[in-house]
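Q: One predicted model, sequence on top.
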Amino acid sequence: MPAITAAMVGELRAKTDAPMMECKKALTEADGDMLRAEEILRVKLGSKASKAASRITAEGVISAYIDGGKGAVVEINCETDFVSKNDDFLKFADDVAKLVAENNPADVAALSALPLDGKTVDQIRADLIGKIGENMTIRRFQRYETSGKLASYLHGTRIGVIVEYEGADAEVGKNVAMHIAAMKPVAVSGDQVAADLIEKERKIAAEKAAESGKPAEIVAKMVEGSVQKFLKEVSLFNQTYVKDDKATVEQMLKANNTTVKGFTMFVVGEGIEKKQDDFAAEVAAQVAAAKQQS
């Protein structure tokens, strides 16, 4: 059997981007045959990716890309906050955001099949899982293509906003994106708030008002007042502008001859139920297993 040199390991790592020890093991198993070692790694890393696929991915990053009138914001998830800071993971997110903007995929499945660096997006994702050892998923994206303008704002890597607007001042667009990240509106105006959100708020308001013991007509007015207050709080135009508490966002936009057409805000892990580890139960289970083996 030929000696497995550091140079051989380095060459295989450069080709596959797999961990050093995995490269050495593959070369040993392949008796130094580089091509065979590559095949072994693909099988092993693919298997590793499959094993990771069932694990919850509630951490991750938001990435955004804009080029003229085309832009996109994406959320890519992983298992731990530590991996969300990994340079390769961050580059993957940036690459995917650019691909979405440039190629307009219909959904995540179509995006996963797009070519990236000589492979498909999904193959790159699987390679990263094999290299890093954590499950990773492309959760969602939103693409824009407009004759108007686009602005984006990333609060670190955990909140991302993209805004479609019309107006001469690019700084206004950026400021609106920052406001959205801070105040988290759910729609541009009150009449665009989703019906299910309004109904949920109406139900909560009705339950509270009913406890007051007041006449039905007063209760009805209380409920309607609560709903209208809610709509103002969650619609962009009616919110108090974060940089000027004496003006609403709508007033600020009119003063700057700017119109917002729409926006998307992603927050990492929003709506994903995170796994809650019970450390005490885990230790107890390990102790019980050890007793059974002894």
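A: Looks like it arrived, so ask away.

Q: Show the average pLDDT along the one helix or strand residue 10 maps to.
A: For residue 10, the element it lies in under DSSP states H and E is helix 6-16. Mean per-residue pLDDT for helix 6-16: 79.

Q: which residues make contact with the next helix or strand after it from outside it?
A: Moving toward the C-terminus from helix 6-16, the next helix or strand (DSSP H and E) is helix 20-29. Helix 20-29 is touched from outside by 4, 8-9, 12-13, 16, 18, 34, 37-38, 40-41, 44-45, with contacts defined as CB atoms under 8 Å, 6 or more residues apart in numbering. (Glycine included, C-beta is placed from N, CA and C.)

Q: Could you pick out the buried ones from the residues you listed?
A: Buried members of the contacts of helix 20-29, scored by 16 or more other CB atoms under 10 Å, are 4, 8-9, 12-13, 16, 18, 37-38, 40-41, 44-45.

Q: if we can go back for a sec, grab the CA positions of the helix holding residue 10 and hand them over as PDB.
A: Backbone C-alpha positions of helix 6-16 (Å, rounded to 0.1, in the frame of the first residue of the first chain) are rendered in PDB as follows:
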ATOM      1  CA  ALA A   6       0.200  15.200   3.500                       C
ATOM      2  CA  ALA A   7       0.400  16.400  -0.100                       C
ATOM      3  CA  MET A   8      -2.200  13.800  -1.200                       C
ATOM      4  CA  VAL A   9      -4.500  14.700   1.700                       C
ATOM      5  CA  GLY A  10      -4.200  18.400   0.800                       C
ATOM      6  CA  GLU A  11      -4.900  17.700  -2.900                       C
ATOM      7  CA  LEU A  12      -8.000  15.700  -2.000                       C
ATOM      8  CA  ARG A  13      -9.200  18.300   0.400                       C
ATOM      9  CA  ALA A  14      -8.800  21.000  -2.300                       C
ATOM     10  CA  LYS A  15     -10.900  18.900  -4.600                       C
ATOM     11  CA  THR A  16     -13.700  18.000  -2.200                       C
END
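
Q: State the number of residues packed around the spatially closest residue to residue 2 that is not a sequence neighbour.
A: Setting aside the residues directly before and after it, residue 2 is nearest to residue 32 in space (CB to CB, 6 or more residues apart in numbering), at 4.0 Å. Other residues within reach of residue 32 by the criterion other CB atoms under 10 Å amount to 15.

Q: So residue 32 sits against residue 7, correct?
A: No. Between residue 32 and residue 7 there is no contact under CB atoms under 8 Å: 11.6 Å.

Q: re earlier: helices or strands up against the helix holding residue 10?
A: For helix 6-16, the packing partners by 3 or more CB pairs under 8 Å, 6 or more residues apart in numbering; DSSP states H and E come out as helix 20-29, helix 34-52.

Q: Lowest average confidence across those, which one?
A: Averaged per stretch, pLDDT over the helices and strands packed on helix 6-16 is lowest on helix 34-52, reaching a mean of 68.

Q: Please, which helix or strand holds the residue nearest the centre of the chain?
A: To find the centre residue of the chain, average its C-alpha atoms and take the closest one (CA atoms, centre = their mean): that gives residue 75, at 2.1 Å. With elements taken from DSSP H and E, the one containing residue 75 is strand 70-78.

Q: mind checking the SS state of residue 208?
A: Following DSSP: H, G, I helix; E, B strand; the rest coil, the label given to residue 208 is helix.

Q: Neighbours of it, how many?
A: 13.

Q: need the contact list for the nearest residue to it once chain neighbours are set aside.
A: Among residues not flanking residue 208 along the chain, residue 226 sits closest, at 7.5 Å (CB to CB, 6+ apart). Counting by CB under 8 Å, 6+ apart, residue 226 makes contact with 201, 202, 204, 205, 208, 209.

Q: In the chain, what residue spans correspond to helices?
A: Using DSSP state H, the helices of the chain run over 6-16, 20-29, 34-52, 87-103, 108-112, 121-132, 170-183, 195-210, 216-234, 249-255, 279-293.
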